[in-house]
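Turn this into a structure:
(chains A and B)
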Amino acid sequence: MLSSKALAVVALGLALTLPALPAFPAFAAGSISIAGSTALLPLALDAARVYQEQNKDVKISVSGGGSGTGISQVAGKAIDIGDSDILAPSHPELVDNKVAVIGFSVITNPGVGVKNLTKKQIQDIFTGTVTNWKDVGGPDQKIVVVNRPRSSGTRAVFVKTVMEGTPVSESGLTEDATGTVVSVVKQTPGAISYAAFSGTHGQSVSELSIDGVAPTDDNIVSGKYPVWSYEHMFTNGPPSGDTAKFIEFVQKSADLAKKNGFIALSDMKVKETDR
Amino acid sequence: MSDVPKTDNRSHRQGIGEATQVVASLWFSVGKETLSVISLQAAKSHRNERIAVNVLRGAAVFVIFAIAVLIVYLAFEGTKTFSVDKFPVWKFLFSSDYDPGNNLGGSAVFITGTLLVTGFAIVVGGPFGIAVGVFLSEVAPARMAQILKPAIELLVGIPSVVYGWLGLTLLVPFLRTHTSSPSGFGLAAAGIVLSIMILPTVISLSEDAFRSLPVSLREGSMALGSTRWQMITGVLLPSASSGLTVALILGIARAIGEALAVQMVIGNSSQFPRGIFAPTASLTTEIVIDMGGAPQGSFQEHVLFSMALLLLLIAMALILLVRFALRGRG
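As a prediction, the model looks like this:
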């Protein structure tokens, strides 16, 4: 008696839920999952929003985690697109889809008042040789270095282009996303860090000129400002279906790129090897 | 490079195979025990009861299976640093050269960080928690205890991310302006957040320890003319010592395992702290920061698993200590 009632309930439950399943987002016609670089995150989010408005049947989920996370998750086929600021030489199966160019600024707390540093001075600060702002033309104030974790693409670009390969000292703080870095620098007197234009432009932090060259799109396009990189959307094997369409959409949306602080691929006049 | 994941998968399967064998033998032992207890009634009673017994047995075996899989998997992955990558155990424990990209996995900084923040939490939160436990059990009027108890239990229910966030928005700026720390992030911030997080554990367990003492102890002490303070310090505290030890050990266990709240305020710099207000990192925070970016099957992933295994071993040791302390009570 009891069990037949239970059976009836289960049957009714199934009958009610089964037709509803296709309407559930995860079962929608197309779904794309994206994770990785927090530098590329603003563009990925904005592009996903616009793309979903134009294609109602496609669901796109976008999250951060850092470039290393994006690469390792797309290599493990956990996601469809892995966002990264850096290449993935150890994963030959991944296909590199460049979508935009991003610049990175060296940023300080606005209270520091320093507007320009030489590359050498920045290197000295991040290796821990210089620990007070007065030694580089600022006030008598301790320098608080804020780094990104080892798996960060932003950190990799910074080490390659500004530190010229010298590893950064681990004595600073480490924060695991572009947004966190910017808010810590904003709040901490004497703080210095590095972050993508997409996270720094329009924020109340000082963006330093390096060797007298200001961190602007124009200076990157003309090859004067060295701290930039391609933003990659890695796919496991050649992209297909909705994933391919979305990547092409991002590559062609120069207006979205500009709006979010990126440089469209078509605008670039220098190559990565020209630095 | 492409060979690594393959080997990985195979070894995972091996690990799970071993776990299944262990569980199979457990199934039978659990089954025997259960049946010997209930066999007489079960034989006579309804089919429903047999179903109930099987459901309960299933639940027990599932729990054991989950724990076994966890331990076997961690033991398997966590020892790869030493078996596959040939990184010496003593270097993992005692070297501070941590650069997993260059096959250096010295985790002394993180081990020290874990010990220091936990020590800080227990030194600050332990005595305070026991004091509140004494207060609730011996001093507070019944009405007040009725209000305080649920309030303290509420502290357990607050998610750790909320503790971390409050630490980030209230404590870190406070330490920045009132101490030598230019950023406010660091050991002290993590220790203070943790000492608040372990309070409910320590308070409820130490209150229980006092409440479980026989009334005759209090009556005898009062009859001899002692004041309430003399009774608490001279009679009740020593009598409750094993219960209080358990309260402290479980407080330590809570503190060692916390990751998120600590990660938000400790500063995450992989160096020994240069003072109580300086930033450092712990085993849990390093796992949180690095796990996402550690490529599968890489040395970095192996080292992080070794840290996780070490945390599991510490937790096991603490549970054994609790058993030992309770046995002492007799």
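
and chain A, which residues reach chain B?
Residues of chain A lying close to chain B by CB under 8 Å from any CB of the partner chain are A:65-69, A:71-72, A:75-76, A:90-93, A:141-142, A:144, A:147, A:149-152, A:170-176, A:184, A:187-191. (Glycine included, C-beta is placed from N, CA and C.)

can we see that at 7 Å?
Within chain A, the positions adjacent to chain B are A:65-66, A:68-69, A:72, A:76, A:90, A:142, A:144, A:149-151, A:170-174, A:176, A:188-191 by CB under 7 Å from any CB of the partner chain.

Where helices are concerned, which of those count?
A:68-69, A:72 (DSSP state H).

A:W133 touches A:V144, doesn't it?
No - using CB atoms under 7 Å, A:W133 is not in contact with A:V144, being 10.1 Å away.

Looking at the two now, which is surrounded by more residues?
A:V144 (26 against 23; other CB atoms under 10 Å in any protein chain shown).

ok so, going back, which residues are in contact with each of A:W133 and A:V144?
Taking CB atoms under 7 Å, 6 or more residues apart in numbering or on different chains as the criterion, A:W133 and A:V144 both touch A:G190.

which of the residues of chain A next to chain B are buried?
Those of the residues of chain A next to chain B that meet the buried threshold are A:65-66, A:68-69, A:72, A:144, A:149-151, A:170-174, A:176, A:188-191, by 16 or more other CB atoms under 10 Å in any protein chain shown.

And the helices in the stretch 1-150 of chain A, which stretches?
A:2-17, A:41-54, A:67-75, A:119-127 (DSSP state H, counting those that start in this stretch).

residues in contact with the single nearest residue of chain B relative to chain A?
Per CB to the nearest CB, B:G293 is where chain B lies closest to chain A, at 2.1 Å. By CB under 7 Å, 6+ apart, the contact list for B:G293 reads A:66, A:68-69, A:72, A:149-151.

what's the lowest-pLDDT member of these?
Of all those, A:S151 has the smallest pLDDT value, namely 80.

Backbone dihedrals for the residue lying closest to that one once chain neighbours are set aside, please?
The shortest distance from A:S151 to any non-neighbouring residue, by CB to CB, 6 or more residues apart in numbering or on different chains, is to B:G293 (2.1 Å). B:G293 adopts backbone torsions of phi -90, psi 0, taken as degrees, to the nearest 10.

same check, this time on B:Y98
The phi/psi pair for B:Y98 (degrees, to the nearest 10) is phi -110, psi 110.

What is the burial count for it?
22.

how far away is the residue of the stretch 151-275 of chain A found nearest chain B from B:I289?
As assessed by CB to the nearest CB, chain B sits closest to A:S151 within the stretch 151-275 of chain A, at 2.1 Å. Counting by CB to CB, to the nearest Å, the gap from A:S151 to B:I289 is 9 Å.

Without its sequence neighbours, what residue ends up closest to B:L304?
In space, and not counting its chain neighbours, B:L304 is closest to B:I287: 5.3 Å by CB to CB, 6+ apart.

Sorry, slip of the keys, the one I care about is B:E77.
Among residues not flanking B:E77 along the chain, B:F305 sits closest, at 3.9 Å (CB to CB, 6+ apart).

is the residue nearest to A:S63 when sequence neighbours are not counted in a bridge, and if so with what?
Take A:S63 and drop its neighbours on the chain: the residue closest to it by CB to CB, 6+ apart is A:A35, 4.7 Å away. Under DSSP bridges, the beta-bridge partners of A:A35 are A:G82.

Residue 211: how many residues sit nearby?
Picked chain A for this. 14.

try chain B instead
13.

what's it in contact with, if anything?
The neighbourhood of B:R211, defined by CB under 7 Å, 6+ apart, consists of B:S137.

so the residue nearest to the spatial centre of chain B is in which element?
Geometric centre of chain B, nearest residue: B:A253, 3.0 Å, by CA atoms, centre = their mean. In this assignment (DSSP states H and E), B:A253 forms part of helix B:241-257.

What's the mean pLDDT across that helix?
What helix B:241-257 shows for mean pLDDT is 92.

Contacts for it, please.
With contact meaning CB under 7 Å, 6+ apart, helix B:241-257 is reached by B:114, B:118, B:121-122, B:125-126, B:129-130, B:194, B:197-198, B:201-202, B:205-206, B:208-209, B:212, B:284, B:311, B:314-315, B:318, B:321-322, B:325-326, B:328-329.

Select from these every entry located in helices.
Using DSSP H, those in helices are B:114, B:118, B:121-122, B:125-126, B:129-130, B:194, B:197-198, B:201-202, B:205-206, B:208-209, B:284, B:311, B:314-315, B:318, B:321-322, B:325-326, B:328-329.

Where do the strands of the chain begin and end?
Going with chain A. A:30-36, A:58-65, A:81-84, A:94-95, A:98-108, A:116-117, A:144-147, A:173-174, A:191-196, A:206-207, A:209-210, A:228-236 (DSSP state E).

should've been chain B
Going by DSSP E, chain B shows strands at B:98-99, B:104-105.

Spatially nearest residue to the residue nearest the centre of chain A, not counting backbone neighbours?
Nearest to the mean C-alpha position of chain A, by CA atoms, centre = their mean, lies A:A39 at 2.0 Å. Closest residue to A:A39 apart from its sequence neighbours, by CB to CB, 6+ apart: A:A196 at 3.4 Å.

Tell me which residues touch the one you found, please.
For A:A196, counting by CB under 7 Å, 6+ apart, the contacting residues are A:39, A:102, A:104, A:154, A:178.

from those, which would you call buried?
A:39, A:102, A:104, A:154, A:178.

What is the nearest of these to B:R274?
Nearest to B:R274 among the buried ones among the contacts of A:A196: A:T154, at 26.3 Å, using CB to CB.

Break chain A into its domains for me.
A:29-101+A:228-267, A:103-221 (automatic domain parsing).

hang on, B:E138 packs against B:M231?
No - shown here, B:E138 and B:M231 do not form a contact pair, counting by CB under 7 Å, at 8.0 Å.

Now do the shared contacts for those two.
Shared contacts of B:E138 and B:M231 (CB under 7 Å, 6+ apart): none.

hmm, back to that, return the per-residue confidence for the residue nearest to B:E77.
For B:F305, pLDDT reads 95.

ok, B:A145 touching B:S137?
No - with contact defined as CB under 7 Å, B:A145 does not reach B:S137; the gap is 8.1 Å.

The two: which is more packed in?
Ranked by neighbour count (other CB under 10 Å), B:A145 and B:S137 place B:S137 first, with 20 against 14.

what residues are up against that one?
By CB under 7 Å, 6+ apart, the contact set of B:S137 is B:207, B:210-211.

and the residue nearest to B:L304, what does it touch?
By CB under 7 Å, 6+ apart, the contact list for B:I287 reads B:259, B:304, B:307-308.

can you tell me which of these lies nearest to A:P226?
When the contacts of B:I287 are compared against A:P226 (criterion: CB to CB), the nearest one is B:L304, at 33.3 Å.

who's in contact with the closest one?
Neighbours of B:L304 in contact, by CB under 7 Å, 6+ apart: B:287, B:290-291, B:294.

Mind picking the two most distant members of those residues?
B:I287 and B:A294 (9.4 Å).

interface residues of the stretch 101-250 of chain B facing chain A?
Taking CB under 7 Å from any CB as the contact definition, the stretch 101-250 of chain B meets chain A at B:101, B:176, B:182-183, B:185.
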